[in-house]
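# next one to model:
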Amino acid sequence: MSTAKIKPYDIEGLNTVGRVTGTKEDLKDREFMTACPPDVPPRSRIVAVCGITDYKNRASPAKDGFFFSDFYLFHHLLSPGVGVTPQQIWITSEEPRDLIGKYREYVYGDPKGGRRVVLNEDMLQQIQVSGTIRVVQRDQLLERFVSTVREQACLAADADEHLVILIFGHGQWGTYGVHIGHNGRREIPVLHIEDINRALKPNNKVTLFSTACYSGGWLVQPDVNRYRHINTTGIAAAAPTRESISWPVSASVGRAGGSVFAGSILQSLIDLSESPDRHQILEDPTYIELANSVYVAYNKLNPYPEDQGIHFSAQDDTWEKQYEQRVGIPLSRFRERFESLPSIPDGEYQSRFDLDAPEGPVGRLGTLRKRSKVKFWAYTYMKSNPGITEAAPNMSVHGPILQLLHFKKKLSDEQIDCMYRSLEYRLNVMDQANYFAAIMGVKKTNICDFILEGYKLTPEKQKLRSFATDLIYEKQLLNKPRYDAGLEYLKPMHYLAILLAESGMDTDEIKEKIDYAVKVKAEGSKVIVSENGEVLNDPELVGNAKRFSKVTKDLGYRVKGLFQQLGLRS
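Numbers count the residues shown, from 1 in each chain. Alright, predicted model coming up:
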């Protein structure tokens, strides 16, 4: 048998966290075997949920539909068959037939090669025959998922079976929660760590798989006073403070085909199942070898792997346990299953799309019709380095913008209304961040010129950034979106935190600056900022200050300043 070993702590970027402190430090100086003797595959149960709904057309492949691509990819790969359990429940709020009728098909993979159709009309009969899809109402999706996990956890504990939980949905900053369903009201239902904890039995053997942003927070739990310890084998798409990403948007129709993280899992499973060593000398990979394999695959597929920071944990810290025994999913025919899906001809994708500026004189914003205003706002927003389109929170905003400005699609009035509210919020909160950077004295660059992706900090400055980020969020310095304005836009928060970290201040000074900004916001502005960012304290000017008062009322919705900064007319 192979005697190869691995020291995960020494592999930069491989986030394998232990069960003592919930950090990578638990594995320092420890090494693990990468192979072990074959074992009897475990009996298992699978419970999966897609938290995305089609409320306001959000299931569109040009918006959040890539979550459905992941959901139906794994539904196909894990469909009952040779070596795969028939005990499966896949929960969604949207009928597959309705999605196909509205959006025709969902695809998975890189536009440049290897894309497969994971849901179309030809697959409906196979899905129906499987009997594993449960469709529930949007406002009941969270409750039904948790109750199903509780039910299946009891059955798994009684039968000594492995419980595999798969969660596909948007993550929530700060709480690590996942949006599940929609109730038509202001607050989207959120699945929290403690919801799953309460549903599990003490003796459950559990694997938790999540593609959500910030999902690493479910595995990294040093603060035992805040969350009860969740002891599972975990594979999470992003670090506690990072967003997950999809495959690049196709240049032909502007849709994303699932997440890069899911592709890394798939490629690793295929590679491990077809390893010559496994067949020739009868040995199986350990769980730590799977984690390393996924990490290596992810680095190859993602241009900014450090920006996401995928995370792994092992239940009871048994990293050397045979892969199937640890994860609960057999290494069985993954390539065959994937390649049985209909293929799509290779295409192209563009990291930057050509966006046409609005033609003709624009005039003042107050006199524009909403559709023209949205076009101008969209163009302005996309010139401000808003972040990669493939980031999960951006897809529902950037997708329609590309449809409108690049693909020249005619959008409905409802779609225009959604874009209006999302852009209004995002442009406002960027301007708000510019203002706060100025009054805190750290504005070295405008937020419109600031590129977050790939930004490097020293370890010490990274700690200061994390401190500032947590404090900005805790103090609610920046405005939150209204319920109909989409997901929270976090570039402004990271922009402020990085500027503070780079300022040379210590934590006490950073806290003082943030507290001052919070006070200014609460008082409705007692200072004025000049065009070059200097703070003016002339009493006569302060007496006439109205600039910031609009920002602090509701959402403020001021974008004129951003237009001027970008060299555009308002």
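
# what about residue 109, which SS state?
Put simply, residue 109 is strand when judged by DSSP: H, G, I helix; E, B strand; the rest coil.

# what stretches of the stretch 451-570 of the chain score poorly on pLDDT?
524-570 (pLDDT under 70).

# just to be sure, residue 117 is in a helix?
No - Residue 117: not assigned to a helix; according to three-state DSSP it is strand.

# can you pull the contacts of the closest residue in space to it that isn't next to it in sequence?
Leaving out its chain neighbours, the residue that sits closest to residue 117 by CB to CB, 6 or more residues apart in numbering is residue 342, at 4.3 Å. Glycine gets a C-beta too; all of them are placed from N, C-alpha and C. Neighbouring residues of residue 342 by CB atoms under 8 Å, 6 or more residues apart in numbering: 116-117, 120, 122.

# next structured bit after the lengthiest helix in the chain?
As assigned by DSSP state H, the longest helix anywhere in the chain is helix 413-439. Next in sequence after helix 413-439, counting helices and strands by DSSP states H and E, comes helix 459-475.

# what helices or strands is the helix or strand that that next one is followed by leaning on?
Next helix or strand after helix 459-475 toward the C-terminus (DSSP H and E): helix 491-501. Judged by 3 or more CB pairs under 8 Å, 6 or more residues apart in numbering; DSSP states H and E, helix 491-501 is in contact with helix 413-439, helix 459-475, helix 507-523.

# average pLDDT across the first one?
Mean per-residue pLDDT for helix 413-439: 91.

# residue 335: neighbouring residues, count only.
By the measure other CB atoms under 10 Å, the count of residues near residue 335 is 14.

# for it, what is the enclosing helix or strand?
Residue 335 belongs to helix 334-339 when assigned by DSSP H and E.

# mind listing what's buried in whatever helix or strand comes next after that helix?
Counting by DSSP H and E, the next helix or strand C-terminal to helix 334-339 is helix 370-382. Neighbour counts over helix 370-382 (16 or more other CB atoms under 10 Å) mark 373-382 as buried.

# quick one: low-confidence ranges for the stretch 251-400 of the chain?
251-288, 290, 295, 298-314, 316-334, 345-368.

# apologies, that question was intended for the stretch 1-150 of the chain.
Confidence mapping of the stretch 1-150 of the chain against pLDDT under 70 gives the ranges 1-6, 8-9, 13-17, 19-24, 31-42, 81-84, 111-114.

# where do the helices of it begin and end?
Per DSSP state H, counting those that start in this stretch, the stretch 1-150 of the chain carries helices over the ranges 66-77, 96-103, 124-130, 141-159.

# adding distance to residue 50 and mean neighbour count, write those out as CSV.
Compiled in CSV, those are given as follows (distance: least, CB to CB, whole Å; neighbours: other CB atoms under 10 Å):
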stretch, distance to residue 50, mean neighbour count
helix 66-77, 4, 27
helix 96-103, 10, 16
helix 124-130, 13, 13
helix 141-159, 9, 19
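
# for the ones you listed, which one sits closest to residue 315?
Between residue 315 and the helices of the stretch 1-150 of the chain, the shortest gap by CB to CB is with helix 141-159, which sits at 13.2 Å.

# my guess is residue 165 meets residue 150, correct?
No - applying CB atoms under 8 Å, one finds residue 165 not in contact with residue 150, separated by 11.5 Å.

# now the residue nearest to residue 85 when sequence neighbours are not counted: how far from residue 147?
Leaving aside its chain neighbours, residue 85 sits nearest to residue 44 (4.9 Å; criterion: CB to CB, 6+ apart). Relative to residue 147, residue 44 is positioned 20 Å away (CB to CB, to the nearest Å).

# do the same with residue 470
Residue 470 is 33 Å from residue 147, by CB to CB.

# go on, residue 155?
Relative to residue 147, residue 155 is positioned 13 Å away (CB to CB).

# same question for residue 339.
36 Å.

# and what of residue 296?
38 Å.

# quick one: contacts for residue 418?
Contacts of residue 418 (CB under 8 Å, 6+ apart): 56-57, 400, 484, 486.

# closest to residue 426 among those?
Using CB to CB, those come closest to residue 426 at residue 486, 8.1 Å.

# count of residues packed around that closest one?
Neighbour count for residue 486, taken as other CB under 10 Å: 22.

# confirm for me that it is in contact with residue 421.
Yes - judged on CB under 8 Å, residue 486 makes contact with residue 421 at a distance of 7.3 Å.

# give me the pLDDT for residue 174.
76.

# please name the nearest non-neighbouring residue to it.
In space, residue 174 is closest to residue 473, 5.5 Å off (CB to CB, 6+ apart).
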